[in-house]
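K.L.:
Requesting a structural model of the entry that follows:
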Amino acid sequence: MTARIERVVTSGVVEIDGAEFKVENNTWIVGDDDEVIVIDPARDGEKILEKVGEREVLAVICTHGLPDHVGAAIEVAIRDEAAVCLHPKDKKLWRETWRETWPDIDVEDEGVFEVADVRLEVLETPGITQGGISLYCEELEVVFTGKSLQADGPGRLGGEYPALPDQLTAIGGRLFTLPGNTRVLPAHGEETTIGDLEPNFDDWVSGSLTRTADTPGEDVPVVDGTRAAGIKLKLDDE
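P.N.:
Sure, this is the predicted structure:
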């Protein structure tokens, strides 16, 4: 049967280093009438499983280990004994939500998941988190980007860029090499395309993302926003 993509939107509050942020999350379901893979089950497993219906959940894939990407992972996976999949560099973040369990599968760059006769290829896209990934499906001409890339540009965490140089390197080297008509389906907000976003890349690299309002004409070097945001993420952690 023909594979299709469905979206479930949930909302809630995420706490980052003592500050609360209200967010809406997209959970993406890829599959056909018989089987599906669920991407980024943020919260409200009941709502997600209602959308899945009687179809078999083959796997639950989290693009980041953050709470609003893994919050319903166990509830969604356990019904059909599906595997929960996460990059190993985000396991420490996973444990902040699920302290007594680990994901089942460590995803690897260029790894492949299959569902309903289509393939989801893993692309490492660190920056927001050290183990951030995107999932590219050539057959459906779509890439699921988590927080790494959104309709308004590179995603942020708590209003800041934890490691913007790494994030931009991943966007330029892994995402903007995809065909221009590839749909970008992020974890937050509406979709866009690679072709719509790629023309902005040079401006992002030149400092437009970190330029302050009182110096609109001055180029500001790309910086790591972790210290400013108070977010304790270390890209060299294993």
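K.L.:
Helices along this structure, start to end?
P.N.:
Secondary structure of the chain (DSSP state H): helices located at 45-52, 67-70, 73-78, 91-97, 164-170, 194-197, 201-206, 226-229.
K.L.:
quick check: mean pLDDT across the fifth one?
P.N.:
For helix 164-170, the mean per-residue pLDDT is 98.
K.L.:
So which bits of that helix are buried?
P.N.:
For helix 164-170, the buried set under the neighbour-count rule, 16 or more other C-beta atoms under 10 Å, comprises 164, 166-168, 170. All C-beta spots, glycine's among them, are computed from the backbone N, C-alpha and C.
K.L.:
mind putting those in TSV, distance to residue 157 included?
P.N.:
Listed next are the buried residues of helix 164-170 as TSV, based on distance: C-beta to C-beta, whole Å:
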residue	distance to residue 157
164	11
166	13
167	10
168	15
170	15
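K.L.:
can you give me the mean pLDDT across stretch 189-204?
P.N.:
Mean predicted confidence for stretch 189-204 is 98.
K.L.:
which sections of this structure are below the confidence cut-off?
P.N.:
By pLDDT under 70, the low-scoring segments of the chain are 1, 14, 16-17, 212-238.
K.L.:
Pick out the residue nearest the middle of it.
P.N.:
The centre of the chain sits closest to residue 146, judged by C-alpha atoms, centre = their mean, with a distance of 1.6 Å.
K.L.:
Quickly list what that one is bridged to.
P.N.:
Per DSSP bridges, the residues bridged to residue 146 are residue 186.
K.L.:
among the helices of the chain, which is the most enclosed?
P.N.:
helix 67-70 (a mean of 25; mean count of other C-beta atoms under 10 Å).
K.L.:
Can you tell me what sits against that helix?
P.N.:
12, 14-15, 23, 25, 40-43, 62-64, 86, 94, 96-98, 146-147, 187 (C-beta atoms under 8 Å, 6 or more residues apart in numbering).
K.L.:
Stretch 94-102 now?
P.N.:
Looking at what lies outside stretch 94-102 - C-beta under 8 Å, 6+ apart - the contacts are 62, 65, 67, 70-71, 73-74, 86, 91, 103.
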